[in-house]
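Student: test case, fold it:
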Amino acid sequence: MIKSMTGFGRGEYADDKRNVVAEIRSVNHRYCDIHVKMPRRYVFAEDRIKNLIKEKARRGKIEVSVMVENIGDADVNIKLNTAVAKQYYDNLKQLSGELELDGEITLEYLSSLPDVMKAIPDVEDEEEAASAILAAVSQALDGFETMRMTEGAKLAEDLIHRGNLIRDYVDSIGQRAPKLQEIYAGRLVERIKELLGDNVQIPEERIAMEAAIFADKSNITEELVRLDSHMLQMKKIIESDSPEGKKLDFLVQEMNREANTIGSKANDLDITSIMLEIKSEVEKIREQVQNIE
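Tutor: Reported below is the predicted structural model:
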């Protein structure tokens, strides 16, 4: 099934120590580019998050946001920096002496000074914390995948519709193309009569030769067959078990090449008009394919 490269998912996990909220969002990108934003204390889980996402996503610029709140007391340690406290005390005593100030340096005052005592988060069990984070990420990934598949189904429907429309246009050109030699011969005769008058005799074999040369130069049978084949191939890729956006990217380039060749060789206003419609549809297909994983 086709998946869109754009999607969003949100997941939550809570236990008696922490509440984890994870969000995953993605936009189009040529490769699989994953960025994880999370508290530094949990960076040990980053590779496991990326590996989990890579199991589902092959392309796209994917941003993962992990927020951890309501940390329990067991995850916090109070650290005393004795060296900093001593420097504060010595400097305050020196300042008191130099300025001849009275006052007592109390324990309460010293402990309130910056960096003397600090609450430092401490993860006692990395595996437990990683499991909580991955539970939230997994839930977000489920929503993310659901959105991408829903969008992918819409893309597939639109692409197949446009492919069928192009095949109809190709069929119309195929019916018109065999008549071009006869049409050209008639126009050539009319042009000669306009220039030389009705009384001039025009060698039929000469007209037939010129028309045959024109028909050979403007023969678009091979291009029509290939363009029709590209539409069938696109449908086959879309309906395959593991469709790839990169294959469709390449196929669209081939569609454009055939369409341009047909437009330049046909030398017929009616076919040119149809080709403009085909090129418009191919461009729409190209834009849609950019969204496919």
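
Student: what mean pLDDT would you report for stretch 171-190?
Tutor: In this model, stretch 171-190 has a mean pLDDT of 68.

Student: likewise stretch 239-252?
Tutor: Stretch 239-252 shows an average pLDDT of 87 in the prediction.

Student: ok, and for that stretch, which residues are buried?
Tutor: The neighbour-count check on stretch 239-252 (16 or more other C-beta atoms under 10 Å) flags 243, 245, 248, 251-252 as buried. For glycine as for every other residue, the C-beta is placed from the backbone atoms N, C-alpha and C.

Student: now do stretch 29-42
Tutor: Neighbour counts over stretch 29-42 (16+ other C-beta under 10 Å) mark 32, 34, 36, 38, 42 as buried.

Student: and the helix or strand where residue 272 lies, what other elements does it pack with?
Tutor: Following DSSP states H and E, the helix or strand that holds residue 272 is helix 269-289. Where contact means 3 or more C-beta pairs under 8 Å, 6 or more residues apart in numbering; DSSP states H and E, helix 269-289 is packed against helix 126-176, helix 245-266.

Student: could the buried residues of stretch 239-252 be laid out in a markdown table, adding distance to residue 221?
Tutor: Shown next, in a markdown table, are the buried residues of stretch 239-252 (distance: C-beta to C-beta, whole Å):
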| residue | distance to residue 221 |
| --- | --- |
| 243 | 30 |
| 245 | 31 |
| 248 | 26 |
| 251 | 21 |
| 252 | 22 |
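
Student: and the residues you listed, which is closest to residue 281?
Tutor: For the buried residues of stretch 239-252, the residue nearest residue 281 by C-beta to C-beta is residue 252; the value is 11.0 Å.

Student: hmm, that closest one is touching residue 288, no?
Tutor: No: counting by C-beta atoms under 8 Å, residue 252 does not reach residue 288; the two are 9.4 Å apart.

Student: sorry, back to before: Throw the helices and strands packed on helix 269-289 into a markdown table and include distance to residue 110, thanks.
Tutor: Below are these laid out as a markdown table (distance: least, C-beta to C-beta, whole Å):
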| stretch | distance to residue 110 |
| --- | --- |
| helix 126-176 | 34 |
| helix 245-266 | 63 |
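
Student: and the ones you listed, which one is worst for confidence?
Tutor: Per-stretch mean pLDDT for the helices and strands packed on helix 269-289 is lowest at helix 245-266 (a mean of 88).

Student: could you list the residues in contact with it?
Tutor: 5, 59, 173, 177, 180, 217-220, 223-224, 226-227, 230-231, 233-234, 237-238, 271-272, 275-276, 278-279, 282, 285-286, 289-290, 292-293 (C-beta atoms under 8 Å, 6 or more residues apart in numbering).

Student: return the alpha-carbon coordinates of it using CSV.
Tutor: Provided in CSV are the C-alpha atoms of helix 245-266 (Å, rounded to 0.1, in the frame of the first residue of the first chain):
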residue,chain,number,x,y,z
GLY,A,245,8.2,6.6,-4.5
LYS,A,246,11.7,6.5,-6.0
LYS,A,247,10.5,4.1,-8.8
LEU,A,248,7.6,6.4,-9.5
ASP,A,249,9.9,9.4,-9.6
PHE,A,250,11.9,7.7,-12.4
LEU,A,251,8.8,6.6,-14.2
VAL,A,252,7.4,10.2,-14.3
GLN,A,253,10.7,11.3,-15.9
GLU,A,254,10.1,8.7,-18.7
MET,A,255,6.5,9.9,-19.1
ASN,A,256,7.7,13.5,-19.6
ARG,A,257,10.2,12.3,-22.1
GLU,A,258,7.7,10.4,-24.2
ALA,A,259,5.1,13.2,-24.0
ASN,A,260,7.7,15.8,-25.2
THR,A,261,8.8,13.6,-28.1
ILE,A,262,5.2,13.0,-29.2
GLY,A,263,4.4,16.7,-29.1
SER,A,264,7.5,17.6,-31.2
LYS,A,265,7.0,14.9,-33.8
ALA,A,266,3.3,14.9,-34.4
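
Student: residue 253: neighbouring residues, count only.
Tutor: Using other C-beta atoms under 10 Å, residue 253 has 12 other residues around it.

Student: redo the buried residues of stretch 29-42 as TSV? Include pLDDT, distance to residue 19 and secondary structure.
Tutor: Output for these, formatted as TSV (pLDDT from 0 to 100; distance: C-beta to C-beta, whole Å; DSSP: H, G, I helix; E, B strand; the rest coil):
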residue	pLDDT	distance to residue 19	secondary structure
32	92	29	strand
34	96	24	strand
36	97	18	strand
38	94	14	coil
42	89	13	helix
